[in-house]
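Colleague: Structure, please.
(2 chains)
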Amino acid sequence: MSQTLTTPDISGAAGAPVLEVNDLHVEFRTPHGLVRAVNGITYSVRPGETLAILGESGSGKSVSVQAVMGILDSPPGFVTGGSILFHGQDMLTMPAAQQRVIRGPGIAMVFQDALSSLNPVFSVGHQIGEMYRAHQGASRREAKAKAIELMERVRIPAARERVNDYPHQFSGGMRQRVMIAMALALDPEILIADEPTTALDVTVQAQIMELLNDLQRDTGMGLILITHDLGVVNEVADRVAVMYAGKIVESGTIDEVFTAPTHPYTAGLMSSVPQAETKGTRLQPIKGQPPNLAAIPPGCSFHPRCPHARIGSAAAADQDCAGDVPELREVRPARMAACHYSEEIFGE
Amino acid sequence: MGRYIARRLLMTIPVLIGATLLIFTIVYALPGDPVRALAGDRPLTPAAQAAIRDEYNLNDPLLIQYLKYLGGLLQGDLGQDFSGRPVSETITQRLPITVRLAVLAVVIEVIIGVIAGVLAGIRRNSYMDNLVLVSTTLVVSIPVFVLAFLAQYVFGLRFGWFPIAGLSEGFRSYILPAFVLAALSLAYVARLTRTSIAENLRQDYVRTAKAKGLKPSVVVGKHTLRNSLIPVVTFVGADLASLMAGAIVTETVFNIPGLGRAVFESVQRQEGFVIVGIVTVFVFFYITFNLVVDILYAVIDPRIRYD
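Modeller: Sure, this is the predicted structure:
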């Protein structure tokens, strides 16, 4: 499980990848047993590129980026294998002090729930300015001035008056803008947005995505977007990686994956959301429940829910969906899928 | 904010009236005769007894006694003890001693308690955590006077570091009694801080602080601690008053002439005016500290507003 995701340069994204995650494994050692949250995922992000990581709750998508940020709750969470290369240097083996230099100026993160993710007892100006104080040794006054600038940049009205306000005094959308301002403070090369719009109203969601899009265009940063919202992915992402039970089961450019999925799980996702052409017909949810990560099914972890699963005598040699783990492989040019029967099911 | 404080201050009036009435009643209901106890083995002449009873309004019914006392109180007269010394003089003389003792105890309680709590809370089930848990359990389960004797024996007698009793050596004389006075609350502060830190460390904003590339000392010492101190401040404020009550035992054991010992002595002599006067001071402090804590609460936690 350590093949590289070869991606053609489809987004105008230039140069070598800034961030490369190789064969990452994360597990949680809980009193109830071992939970394998991430089981060998590999991806990379180039400057200016947007990678969407798509998956249901519990698919390991958030955990995988928490490992990248070094903010896993540990214990119980442990990175048990793989590497996370930032400009070729493995963050997992470097000293903590060196990692801290990357967090902020190198890789920054926007969290899902801005209310709980901002510290309730410090003003937003203080929390944004803290980036400059901690990383650049700025004075209190400089930090505040820069915080105001940033708040204006993320289009918070009356930034100068609101810089001393506390998180609870802002609306949900404005709070998320504060989070974004904080993450952007040091012009990160990679921005990780973990479900940045899930907690927001639909109209506000659109504004926040537009803001992220504009900011990315202005700064040329790479963006990793964690989401379960297909609509969001469709609008902003260049590439998408679909995760299931801690693995990437399909990846490719957004257009290709969405128009012609090569993995039954992705296909199931597509038919479970409303789309213009299926108007008037019933939505088809994926049967069953996402797997318990403490007891992942053997073989293809999706097989108990898969309408195409071939088990026992129905399966080809070494391709028993209930016994043989399907490797993530190139099923079409620049398209990866982890399914034994991808070509048969979806055609060449 | 101003209106809130004014309202709170107004509320102290009924509380003070209620408290004094309660204490007055309890002293009134105490068995025995204070005048006779005063005389000891040589009985006073009936005329002398009557004169004393008359002077201290002891012949009046409870309510009249109380009202007369309250009347005096409004004119700033706290009455006098049986030797004719004004209660106000006793209080002004002894209050600074008790305040010094209580302040030192609070400082010890907060500094050591919070540090121990943080060290235990940041790593649960570590050596430090277990040490704090065991030692606080020990302190909580030992009666204060036993702890006092133990401290006197070990640090006073065996090591000779501190005086055993009295105030003859200035600041040094306060250290041992202050530690004993603080011990119980210190244990609670340590446990409260430990729980609060451990709980707050799981909050999302701590994750954010780490993701900002802040040093662990800043993540814990600034972001987590500030939030964790909210319940601790509440406890310490309410606890200041119990420290004053605790001073009754500690001051008696360490022979310190503060308000606590004055209460103890006047209860023995059934000197109602003295008890009521001093306890009223305690009640007043209690109310004031609670108000200060509530204001402080809003300073630490901006989500709390009183307007």
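Colleague: From the centroid of chain A, which residue is nearest?
Modeller: The centroid of chain A falls nearest to residue A:226 when counting by Cα atoms, centre = their mean (2.8 Å).
Colleague: separation between that one and chain B?
Modeller: Distance, residue A:226 to chain B, by Cβ to the nearest Cβ, to the nearest Å: 14 Å. C-beta coordinates here come from the backbone N, C-alpha and C atoms, glycine included.
Colleague: three-state assignment of residue A:168?
Modeller: In three-state terms, and counting by DSSP: H, G, I helix; E, B strand; the rest coil, residue A:168 is helix.
Colleague: List the contacts of it.
Modeller: Residues near residue A:168 by Cβ atoms under 8 Å, 6 or more residues apart in numbering or on different chains: A:115, A:120, B:302-303.
Colleague: element containing the residue of the stretch 101-250 of chain B found nearest chain A, please.
Modeller: The stretch 101-250 of chain B approaches chain A most closely through residue B:213 (3.5 Å), counting by Cβ to the nearest Cβ. Assigned by DSSP states H and E, residue B:213 belongs to no helix or strand.
Colleague: Tell me which stretches of chain B form helices.
Modeller: Applying DSSP state H to chain B gives helices spanning B:2-29, B:34-39, B:46-55, B:62-74, B:87-122, B:127-141, B:144-151, B:171-200, B:204-211, B:216-218, B:225-253, B:259-268, B:272-300.
Colleague: by contact count, what packs against the fifth one?
Modeller: Which is helix B:87-122. Here helix B:87-122 touches helix B:127-141, helix B:171-200, helix B:225-253, helix B:259-268, helix B:272-300, going by 3 or more Cβ pairs under 8 Å, 6 or more residues apart in numbering or on different chains; DSSP states H and E.
Colleague: Let's have those in TSV, adding mean pLDDT.
Modeller: What follows is the helices and strands packed on helix B:87-122, written out as TSV (pLDDT from 0 to 100):
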stretch	mean pLDDT
helix B:127-141	92
helix B:171-200	92
helix B:225-253	86
helix B:259-268	87
helix B:272-300	83
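Colleague: Need the pLDDT of the residue located most distally from the centre of chain A.
Modeller: Note on chain A: the largest C-alpha distance from the chain mean falls to residue A:313, namely 38.1 Å (Cα atoms, centre = their mean). Here the pLDDT value assigned to residue A:313 is 81.
Colleague: ok, it to residue B:303 distance?
Modeller: The spacing between residue A:313 and residue B:303, counted by Cβ to Cβ, to the nearest Å, is 64 Å.
Colleague: before we move on, back to that, counting neighbours, which of the contacts of residue A:168 end up buried?
Modeller: A:115, A:120, B:302 (16 or more other Cβ atoms under 10 Å in any protein chain shown).
Colleague: does the second one count as helix, strand or coil?
Modeller: The one in question is residue A:120. coil.
Colleague: need the contact list for the residue of the stretch 101-250 of chain B closest to chain A.
Modeller: When contacts are counted by Cβ under 8 Å, 6+ apart, residue B:213 touches A:99-105, A:134-135.
Colleague: Of these, grab the buried ones for ChimeraX.
Modeller: Of the contacts of residue B:213, the buried ones go into a single ChimeraX selection, burial set by 16+ other Cβ under 10 Å:
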select /A:99,100,102,103,104,105,134,135
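Colleague: Pick the one among the contacts of residue B:213 closest to residue B:290.
Modeller: Distance to residue B:290, by Cβ to Cβ, is smallest for residue A:134 among the contacts of residue B:213, at 37.4 Å.
Colleague: Three-state assignment for the closest one, please.
Modeller: On the basis of three-state DSSP, residue A:134 is classed as helix.
Colleague: was I right about it contacting residue B:218?
Modeller: Yes. Between residue A:134 and residue B:218 a contact is recorded at 7.0 Å, counting by Cβ atoms under 8 Å.
Colleague: Tell me which stretches of the stretch 51-200 of chain A form helices.
Modeller: Under the criterion DSSP state H, counting those that start in this stretch, helices of the stretch 51-200 of chain A are mapped to A:61-69, A:96-102, A:114-117, A:124-136, A:140-153, A:159-162, A:172-184.
Colleague: With adjacent residues omitted, what lies nearest to residue A:182?
Modeller: Distance criterion Cβ to Cβ, 6 or more residues apart in numbering or on different chains; nearest residue to residue A:182, sequence neighbours excluded, is residue A:128 at 4.9 Å.
Colleague: Ignore what I typed, I meant residue B:196.
Modeller: residue B:228 (3.9 Å).
Colleague: Also residue A:274?
Modeller: residue A:283 (6.5 Å).
Colleague: before we move on, what about residue B:119?
Modeller: Using Cβ to Cβ, 6+ apart, the nearest residue to residue B:119 is residue B:128, at 4.8 Å.
Colleague: thinking again about what came up before, quick check: the farthest pair among the contacts of residue A:168?
Modeller: Checking these with Cβ to Cβ, the most distant pair is A:115 and B:302, at 13.7 Å.
Colleague: The contacts of residue B:213 also near chain B: which ones?
Modeller: With Cβ under 8 Å from any Cβ of the partner chain as the criterion, these include A:99-105, A:134-135 near chain B.
Colleague: can you put the helices of chain B in CSV and add mean neighbour count?
Modeller: Formatted as CSV, the helices of chain B follow (neighbours: other Cβ atoms under 10 Å in any protein chain shown):
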stretch, mean neighbour count
helix B:2-29, 14
helix B:34-39, 15
helix B:46-55, 12
helix B:62-74, 14
helix B:87-122, 20
helix B:127-141, 15
helix B:144-151, 16
helix B:171-200, 22
helix B:204-211, 22
helix B:216-218, 12
helix B:225-253, 20
helix B:259-268, 21
helix B:272-300, 19
